[in-house]
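Peer 1: just need the structure, nothing else, for what follows:
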Amino acid sequence: MTDDVTTVAQKALTLLDLTSLNDGDSEADVTELCKRAVSDFGHTAAVCVWPQFVPHAKKLLSGSGVAVAAVANFPAGATDVGRAVEETAAIVADGGDEVDVVMPYNAWLAGDRALARELITACKAACGDSALLKVILETGRLETAENISAASLDAIEAGADFIKTSTGKVEISATLPAAEAMLNAIKETGGTTGFKAAGGIRSTSDAADYLALSDKILGTGWAAPGNFRFGASGLLNDLLAVLRGDASAPSKESY
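Peer 2: Below is the predicted model of the structure:
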């Protein structure tokens, strides 16, 4: 991967799911988020918001090329399959392009892997051909590489279009070891499932590390908006600072 920090920042911008999932979010907050998603240096891949804001975001971003994602079964990863499907279907009905659904990770850890697969399969069916399904594994709670790999394979088998590290609502969010286990699972299953690193990614240097890891495992050029995303709110500020020449965040060597 190139060590040109400006190139890294430009690429990461196109892979960003600009996110706001604060408890007190309002339409005004979503309006500001959508404005930030389109800059002089191009646009982010998507914005990710609470489900009730999908129609507002869709209206604001019409024609921009920015997808609208919303969360389901979030953040707890509950075991109510019907409720998760209802939330997913409502997001799609409101025009959502992508659904980020939380796998019932506590149930999975307790041994009910079949329930997790059932929920993912049902939510994928609710997406139909209209929306991508990104499955949040909550890797900080899965903890071990073995668990993360197994959960990744379960999600992929159940129909996930993307597998995603984290909700950003627990103590440990995205980490490079978790990403490595997930990317290896993607490689093992043919390299067609997408990957999303979310939570705690704040700098161009952080983004460079994940892109280098992707290059190492799946090949240079694999990471593109159709199969690689960063889920973050603060990362955009650093990317734009680098692109404007206001900062010189160091790029890391290949992982």
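Peer 1: C-alpha only now, for contacts and for neighbours.
Peer 2: Will do.
Peer 1: how about the helices in the stretch 101-250 of the chain?
Peer 2: With DSSP state H, counting those that start in this stretch, the ranges of helices along the stretch 101-250 of the chain come out as 105-109, 113-127, 139-142, 145-158, 176-188, 204-218, 235-244.
Peer 1: TSV for those, including mean pLDDT, mean neighbour count and distance to Ala9?
Peer 2: As requested, the helices of the stretch 101-250 of the chain are exported to TSV (pLDDT from 0 to 100; neighbours: other Cα atoms under 10 Å; distance: least, Cα to Cα, whole Å):
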stretch	mean pLDDT	mean neighbour count	distance to Ala9
helix 105-109	98	18	33
helix 113-127	98	21	31
helix 139-142	98	21	26
helix 145-158	98	20	28
helix 176-188	98	20	19
helix 204-218	97	21	6
helix 235-244	96	20	5
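Peer 1: can you say which of the ones you listed is nearest to Val85?
Peer 2: The closest of these to Val85 is helix 113-127. By Cα to Cα, the value is 5.1 Å.
Peer 1: what packs against the closest one?
Peer 2: For helix 113-127, the elements it packs on are helix 81-93, helix 105-109, strand 132-136, helix 145-158, judged by 3 or more Cα pairs under 8 Å, 6 or more residues apart in numbering; DSSP states H and E.
Peer 1: same thing but at 10 Å, please
Peer 2: Using 3 or more Cα pairs under 10 Å, 6 or more residues apart in numbering; DSSP states H and E, the elements in contact with helix 113-127 are helix 81-93, strand 98-102, helix 105-109, strand 132-136, helix 145-158.
Peer 1: quick one: end-to-end distance for stretch 138-153.
Peer 2: Here the two ends of stretch 138-153 are set 14 Å apart, with distance taken as Cα to Cα, to the nearest Å.
Peer 1: quick one: closest of the helices of the stretch 101-250 of the chain to Ala67.
Peer 2: helix 113-127 (14.7 Å).
Peer 1: quick one: the closest one to helix 81-93, angle?
Peer 2: 30 degrees (axes from the mean of the first three to the mean of the last three Cα atoms, to 10 degrees).
Peer 1: now the angle from helix 113-127 to helix 145-158?
Peer 2: Orientation note: helix 113-127 sits at an angle of 40 degrees relative to helix 145-158 (the same axes, to 10 degrees).
Peer 1: and the helices of the stretch 101-250 of the chain as a markdown table, adding distance to Phe74?
Peer 2: Conversion of those to a markdown table gives the following (distance: least, Cα to Cα, whole Å):
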| stretch | distance to Phe74 |
| --- | --- |
| helix 105-109 | 12 |
| helix 113-127 | 13 |
| helix 139-142 | 15 |
| helix 145-158 | 16 |
| helix 176-188 | 20 |
| helix 204-218 | 24 |
| helix 235-244 | 22 |
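Peer 1: for Ile91, which of the ones you listed is the nearest?
Peer 2: Taking Cα to Cα as the criterion, helix 113-127 is the member of the helices of the stretch 101-250 of the chain that comes nearest to Ile91, at 8.8 Å.
Peer 1: run the chain-centre distance for the closest one.
Peer 2: Its chain's average C-alpha position is 18 Å from that of helix 113-127, according to Cα atoms, centre = their mean, to the nearest Å.
Peer 1: swap in stretch 73-89?
Peer 2: Computed by Cα atoms, centre = their mean, the separation of stretch 73-89 from the middle of its chain amounts to 17 Å.
Peer 1: so for that stretch, what gets flagged as buried?
Peer 2: Applying a neighbour-count criterion of 16 or more other Cα atoms under 10 Å, one finds 73-79, 81, 84-85, 87-89 buried in stretch 73-89.
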